[in-house]
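Engineer: sequence and computational prediction follow.
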Amino acid sequence: MSIVYTKITLKNGDDVGIVATGAVKDHKIRQTTVNAMVDTGASSLVINEATRNKLGLRILETRTGTLADGSKAEYNIAGPIEVNWKTRRTTCDAIVLPNADKILLGAIPLEAMDLMVHPKKEEVVGAHGDEEIYRV
């Protein structure tokens, strides 16, 4: 299977919350649409410092992370960030790799939006169809 990319919109979660109160209008939400590499081996959303700055995300904490090559380092965790894929959305924190050249969409946000990589189509699809998002 080849590398799969999908278009997602990232929004500053704090901005989304303020808009929900009616204090500011939708157009004030800091957001960006990116072509993210889907990485089911990554646990979370991974962004670079430029994306964090563009969205105005807060640094929430620093954690030790392990990269695909096995190296470990301290990374900033930024958020909250709202991830939107078509009609689905979830809110999560993001690992900030300062010089990353790609945004990575990892397993946790994929699962939260009930998404999977379709092996034959090599694209992101709803895991349980287009309508069903939450299984209870």
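Structural biologist: Received the coordinates, thanks. Residues are numbered from 1 along each chain as shown.
Engineer: phi, psi of the residue most central in space within the chain?
Structural biologist: Taking C-alpha atoms, centre = their mean, the centroid of the chain lies closest to L45, which sits 4.3 Å from it. Main-chain torsions, L45, degrees, to the nearest 10: phi -80, psi 140.
Engineer: helix or strand next in line after the longest helix anywhere in the chain, which one?
Structural biologist: For the chain, the longest helix by residue count, based on DSSP state H, is helix 13-21. Using DSSP states H and E, the helix or strand that follows helix 13-21 in sequence is strand 31-38.
Engineer: buried ones in that following strand, by neighbour count?
Structural biologist: For strand 31-38, a neighbour-count test (16 or more other C-beta atoms under 10 Å) marks 31, 34, 36-38 as buried. Every residue, glycine included, has its C-beta placed from N, CA and C.
Engineer: and stretch 118-129, how far out from the chain middle?
Structural biologist: Counting by C-alpha atoms, centre = their mean, to the nearest Å, stretch 118-129 is centred 18 Å from the centre of its parent chain.
Engineer: please apply the same query to stretch 69-84.
Structural biologist: How far stretch 69-84 lies from its chain's middle: 10 Å, per C-alpha atoms, centre = their mean.
Engineer: can you list contacts of that stretch?
Structural biologist: Around stretch 69-84, the neighbours that count as contacts under C-beta atoms under 8 Å, 6 or more residues apart in numbering are 8-14, 16, 45, 47, 52, 55, 57-67, 89-97, 105, 109, 113.
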